[in-house]
Structure formats: structure tokens, C-alpha cells
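*Asks:* Could you look at this predicted model? Sequence included:
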Amino acid sequence: MVSKDMLHAGRVRSAIRDLFEFGRKRAAEVGEANVYDFSLGNPSVPPPAEMTREMVRLLSDCDPFALHSYTSAPGSNETRDAIAENLNRRFGTSFTRRNLYITCGAAAALASIFRALTIDAGTEFIAFAPYFPEYGGFAAAAGGRLVVVKPDLEHFQIDFSALEQTISAHTQGVIINSPNNPSGVIYSEETLRTLCDLLRKKSAAFGHPIYLISDEPYRELNYTGVSLPLVTELYDAAIVSYSYSKSLSIPGDRIGYALVGNAMPDFSDVFDAIAGAARMMGYVCAPSLLQKVVAFCADQNLLPDLSSYRRNRDALYNGLTQFGYTCMPPDGAFYLFVQAPGGDGDRFSEAAKAEDILVVSGRSFGCPGYIRIAYCVSYETIIGALPGLGRLYHSFQP
Ligand code: PLP
């Protein structure tokens, strides 16, 4: 016998992975250049050269025992100090290593945060559609559940009256993701402040803090030029999950962190519960080599080169809207979330496969009438796919 829930999680087929596998099969049949794979959020910008050089230096110059040994469970002091100092320089904050728990990417940070905050089976976390599908799994695996606020299909911003109606005595946390996967939307400082005011009001009404979990793997993939405050400076009960997967283009290396703000009520209970959750799920001591690498990148303040994402975004957005597609111009991340011609994302995604164009249905993000196009691909892939996307658009017109 095995756990039914875990068996289901292990067997349920991910639409994104299915598409990716289909793409691999087609590439073997018709050639790599003839398959336009927009399914995965794998960065297409190479990692910074300075980072790669540092990795090589570490491997060749360092004592291998020191380099590869366990660090303390939340990460080495040097790494946490370097990240705290980098955040302080950029955001005017006053973090120390005590605020940071280094994890294997944002996924491990989120799983630990959900687990730490789940009190019983009645615990609820609120997300806004469109949302990263794994949130549902993390909340359920922690023993609680995800409650989804319907999307504001006009702007993909927060629908505050829907949120106000959804928050209940069971609400333990609200999760936001800005810049957003899949919509590319960024919440303004004003939006964040309105959200924090509402959460303060509701926390007071229900007599317990409602935690704000800010999932920020795309923090630096921001095309607006307006940098945003950290939520820990706007709201006491805020926790950030961060990942270097996208900003340093190292998703397979699995490194990120959970950040608990200094004003967090019962700070040490919350931090220690995250540490406990990470420990119970086997996430202690994120990869030691990568800890050293991100400490170096924090010291150097290495940021991603956005020029090719911006060029891809503009070519795709302009090309699609000229055909007649409807979508928001994305301010961040590397996805375009497009109304599916015909109104059904599943049907459109299936039809696109006939053109060897792989786009993900919005269903798993809570918006079944949409498709997600990950434009972290080569510019040639975008230009090559546009004629097929044009044919598809017309094939769905009455
Ligand atoms: N959160 C969002 C919104 C994401 O898009 C992703 C990955 O694509 C993650 C979390 C997980 O990131 P990581 O690779 O750091 O586990």
C-alpha cells in the first residue's frame, strides 16, 4: 500500500510536461528547428559569465572537503550574510542571516512555508487566478487547501472585493506572485499597499495574522524600470519565497530562499516552523557549491540581461496582436497569456500541435479560456512560429 494522494501526485500527467515530451518526439521526427516549443519556463539567456567563471574557480581552487561538505541546515552563514547585505543595499532593509533560510529553489521554500503555516485540515491559503499550479499541491501536501479567487480577466490585477469575500476565519495565508507566471503582470506599490491594508483589517477582525506569502522567482525580470518594495517592508506578517532559477538562469541547480521579515509577529516561531518543515521534508542544507555561487553573485549584484527577453516579448506581442489575438502586454517574467481563439485553451493547444507549435492551455492556471506562451526561447523560434500562429488564429474564426 502507498499513499493515495502521493500516488496521484506522482501519476497525474502535467499538461506542460506532456507537451514538452510531445515536442521532443516531434523534434526527432521533423528536426529541432521545425518544432516551436513554448511550453516550459526554462531561461533562454545563458547564466552570467562571471558566475560560470566563479563556479569553475571554486571547483578548481577550493578544498574539496570544504566545498562539498554539509552546511548548517538553513544555509551557511557566509551565504546568508551575502544575500542579506545584497537585499539591504537594494531595498534599504535591515536583514541579517537570521531572516533567511536557503532552499532548493522556490519550490522547496513554498512547500516549507505552506507546511509551516498549516495548522489543521481547515487551513486555507488564497491564490489569485491565474496562479502557478503547484500552489494547490503544496497546500494539499501540507494538509490544508488552496482557495482560488477568480481572475480579473480585464487586467489580471487583484479583484479586492472578490478577495474580501473570500477571506474567512480559516484563511491562514494569501499568496501573490508578481511578476506573474503566467500573466506577466506586476502589482504596483499602490496595489501592494491596498492588499496589505485589507489583510491588516481582516487579521484584526479574525484575531490572528493572515500571512502574506510573496512568491518572487521573477523579481528581476521586470521590464518597467520601476523597482518595487519588498513586501516585508509593507506588511509585518510577510514571507518571501525567492529563486535564482530565472534571474541567474540556473533552474536545474535548485537554489533559492525563504525570507521572513523583521516585523513578523512571533518571528522565531514562524522562522523555526519553516526550518522544521524544511527539515521534515528533507530540504536541509541546500547544495553547498551553489550556496557559494549565489553568495558571490549577491556580492557582485549580478542581474539578468533582459534584452533578449524584451526583444522576444515585443516580437511575439506585436505579431500576435496584429493577427487579432487579445492579450495584455506583459510587464515582467517571460510569458504571454493570451485569450485562446475559440475560447477554449485545451482545444487551441491541441490544434496548435498540428502546426508543431506547443503552447500550454490556461486550464491548470485557473483560466481555461487562455493559453500560455513561454517566450524564453530563441528569437528565431518566435519568428518561425508566427506564420503558424496566424493560420491558427484564422482557423478559429467563425
Ligand atoms: N513559483 C513560480 C511562480 C514559478 O513560475 C516557479 C517555476 O517556474 C516556481 C515557483 C518554482 O521555482 P524553482 O525552480 O525555484 O523551484
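*Replies:* Here it is on my side, so go on.

*Asks:* nearest residue to M51 other than its sequence neighbours?
*Replies:* C297 (5.6 Å; CB to CB, 6 or more residues apart in numbering). From N, CA and C alone the C-beta is placed, and that goes for glycine too.

*Asks:* That neighbour touches P48, doesn't it?
*Replies:* Yes: with contact defined as CB atoms under 8 Å, C297 reaches P48; the gap is 7.3 Å.

*Asks:* which of these two has more neighbours?
*Replies:* Set side by side, C297 and P48 show more neighbours around C297, with 24 against 19, by other CB atoms under 10 Å.

*Asks:* quick one: that one is in a helix?
*Replies:* Yes: under DSSP: H, G, I helix; E, B strand; the rest coil, C297 sits within a helix.

*Asks:* Distance of it relative to F334?
*Replies:* 20 Å (CB to CB, to the nearest Å).

*Asks:* burial of L358, as a residue count?
*Replies:* 24.

*Asks:* which residues touch it?
*Replies:* Shown in contact with L358 (CB atoms under 8 Å, 6 or more residues apart in numbering): 19-20, 22-23, 35-39, 349, 352.

*Asks:* try it again with 6 Å
*Replies:* Neighbouring residues of L358 by CB atoms under 6 Å, 6 or more residues apart in numbering: 19, 23, 37-39.

*Asks:* can you redo those residues as TSV with distance to the ligand?
*Replies:* Below are the contacts of L358 laid out as TSV (distance: CB to the nearest ligand atom, whole Å):
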residue	distance to the ligand
L19	15
G23	17
D37	16
F38	14
S39	12
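
*Asks:* Neighbour-wise, give me the winner out of the residues you listed.
*Replies:* F38 (26 neighbours).

*Asks:* So which bits of the stretch 101-250 of the chain are right by the ligand?
*Replies:* 105-107, 132, 177, 181, 215, 217, 243, 245 (CB under 6 Å from any ligand atom).

*Asks:* I'd like to know which of the residues you listed are part of helices.
*Replies:* Counting by DSSP state H, the part of those found in helices is 105-107.

*Asks:* re the thing from before, can you redo the contacts of L358 as a markdown table with secondary structure and pLDDT?
*Replies:* Supplementary listing: the contacts of L358 in a markdown table, determined by DSSP: H, G, I helix; E, B strand; the rest coil; pLDDT from 0 to 100:
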| residue | secondary structure | pLDDT |
| --- | --- | --- |
| L19 | helix | 90 |
| G23 | helix | 92 |
| D37 | strand | 95 |
| F38 | coil | 96 |
| S39 | coil | 94 |
